[in-house]
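> no FASTA, just this:
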């Protein structure tokens, strides 16, 4: 019964964080959630807990595919958006391969790319002096996220071949 209370408290805390966060922070939360799920999957893989590993990887895929990928705004820069969406699809493919093959290298690669993208996104955090970034709706959840601006495109250019 105590576990239920802790889970409920954490859920309320997460939901409050989502409701009160600015769009830039929401994207960081998505990166953090995906990276945490990959970390958990690696631990489950090492312990040979196949079902738990699959659930953790499935959660990471959901975050990348239904959170990060759908938050990309193609109207800001269609070429950049297409390349970023392609990168998210690649990460999803590597996560699927990691799940099917128990491939630790695929998990590490997905985590590295997501970590690098997160670092770049963190570097372009809006300041009080800058104008509020353009927002777009996310169809799946109805929340808003910031579209990557010129600074984000420059910061992420190294990852988009």
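All right, it came through fine. Every value quoted in this text rests on a predicted model; they were computed, and no experiment measured them.
> mind listing the helices for this structure?
According to DSSP state H, the chain carries its helices in the segments 2-20, 23-46, 50-63, 78-101, 104-123, 150-156.
> other SSEs contacting the second one?
Yep, that's helix 23-46 we're talking about. Using 3 or more CB pairs under 8 Å, 6 or more residues apart in numbering; DSSP states H and E as the contact criterion, the neighbours of helix 23-46 among helices and strands are helix 2-20, helix 50-63, helix 78-101, helix 104-123, strand 144-146. The way it works is simple: take the backbone N, C-alpha and C, and place the C-beta from them, glycine included.
> Looking at the ones you listed, spot the one closest to residue 34.
Nearest to residue 34 among the helices and strands packed on helix 23-46 is helix 50-63; the distance by CB to CB comes to 4.2 Å.
> and the angle from that closest one to helix 78-101?
Between the direction of helix 50-63 and that of helix 78-101, the angle (axes from the mean of the first three to the mean of the last three CA atoms, to 10 degrees) works out to 170 degrees.
> counting contacts, what elements does helix 50-63 pack onto?
helix 23-46, helix 78-101.
> Ok, which of those helices comes nearest residue 122?
Comparing the helices and strands packed on helix 50-63 against residue 122 with CB to CB, the closest turns out to be helix 23-46 (6.6 Å).
> Any idea which helix or strand in the protein has the lowest mean pLDDT?
Each helix and strand of the chain was given a mean pLDDT (mean pLDDT, DSSP states H and E); the minimum falls on strand 135-137 at a mean of 40.
> if we can go back for a sec, got JSON lines for the helices of the chain, with distance to residue 69 and mean neighbour count too?
Compiled in JSON lines, the helices of the chain are given as follows (distance: least, CB to CB, whole Å; neighbours: other CB atoms under 10 Å):
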{"stretch": "helix 2-20", "distance to residue 69": "18", "mean neighbour count": "10"}
{"stretch": "helix 23-46", "distance to residue 69": "10", "mean neighbour count": "18"}
{"stretch": "helix 50-63", "distance to residue 69": "9", "mean neighbour count": "18"}
{"stretch": "helix 78-101", "distance to residue 69": "4", "mean neighbour count": "17"}
{"stretch": "helix 104-123", "distance to residue 69": "12", "mean neighbour count": "17"}
{"stretch": "helix 150-156", "distance to residue 69": "14", "mean neighbour count": "17"}
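> No further queries at this time; thank you.
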